[in-house]
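S.K.: Model the structure of this input:
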Amino acid sequence: MRRLPRSLSGWTIAVFGLLAAALGVVGLVAPDALLTVMGFEPVPDGGRADGDHTLVFLTASSMAALNMGVYYVLAALSDWKAFFRWTVPFRLLTCAVFTLAVVGGRAPAGFLGVGLWEGLGAVVTGAALWYERRRTARPE
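M.R.: Residues are numbered from 1 along each chain as shown. Purely as a prediction, here's the structure:
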């Protein structure tokens, strides 16, 4: 028997986790594809300057995304509402930092999608938690 998330907020966390894990795998297997998705122009093989550690940082962040995705899915399967609540402000913070990176010229405009993905996910999870809390507080 397969376990699925038991709540709307759990589904929002599971979807976010699956996407994060999938993008982490893409970054580990095909880093140039992930760079392109995020709005960065990949550098052809052999075209990187000595001391360019882009692929090292991409490997580290991809592994972190894979791990984080798995944590989110496990939290969703156990319907760990406290975890869901904790993610909302930190995902909003991530949205702000990534957006400011684009606005400040530290990242290309395509990177704004990463920030918006975080922000939209946080808002959807927050809304689901709010809806569930109101539904359980209301006498039926």
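S.K.: Could you count how many residues lie near G47?
M.R.: By the criterion of other CB atoms under 10 Å, G47 has 8 neighbours. Yep, even glycine has a C-beta here, placed from its N, CA and C like the rest.
S.K.: List phi and psi for it.
M.R.: Backbone torsions for G47, taken as degrees, to the nearest 10, come to phi -90, psi 0.
S.K.: Contact partners for it?
M.R.: Listed by CB atoms under 8 Å, 6 or more residues apart in numbering, the contact set of G47 is empty.
S.K.: can you pull out the helices in this protein?
M.R.: Taking DSSP state H as the test, the helices found in the chain are 8-29, 31-37, 54-77, 81-103, 112-137.
S.K.: ok, now how distant is the residue nearest to G69 when sequence neighbours are not counted from G46?
M.R.: Of all residues beyond its chain neighbours, the one nearest G69 is A21 (2.8 Å), with distances taken as CB to CB, 6 or more residues apart in numbering. Computed as CB to CB, to the nearest Å, the A21 to G46 distance reads 31 Å.
S.K.: more neighbours, those two?
M.R.: For A21 versus G46, neighbours defined as other CB under 10 Å are more numerous around A21 (19 against 5).
S.K.: quick one: the most centrally placed residue in the chain from V114, how far?
M.R.: With distances taken as CA atoms, centre = their mean, A20 lies nearest the centre of the chain, 4.9 Å away. Counting by CB to CB, the gap from A20 to V114 is 11 Å.
S.K.: V37 too?
M.R.: Note on V37: its distance to V114, by CB to CB, is 9 Å.
S.K.: Likewise for V25?
M.R.: Counting by CB to CB, the gap from V25 to V114 is 16 Å.
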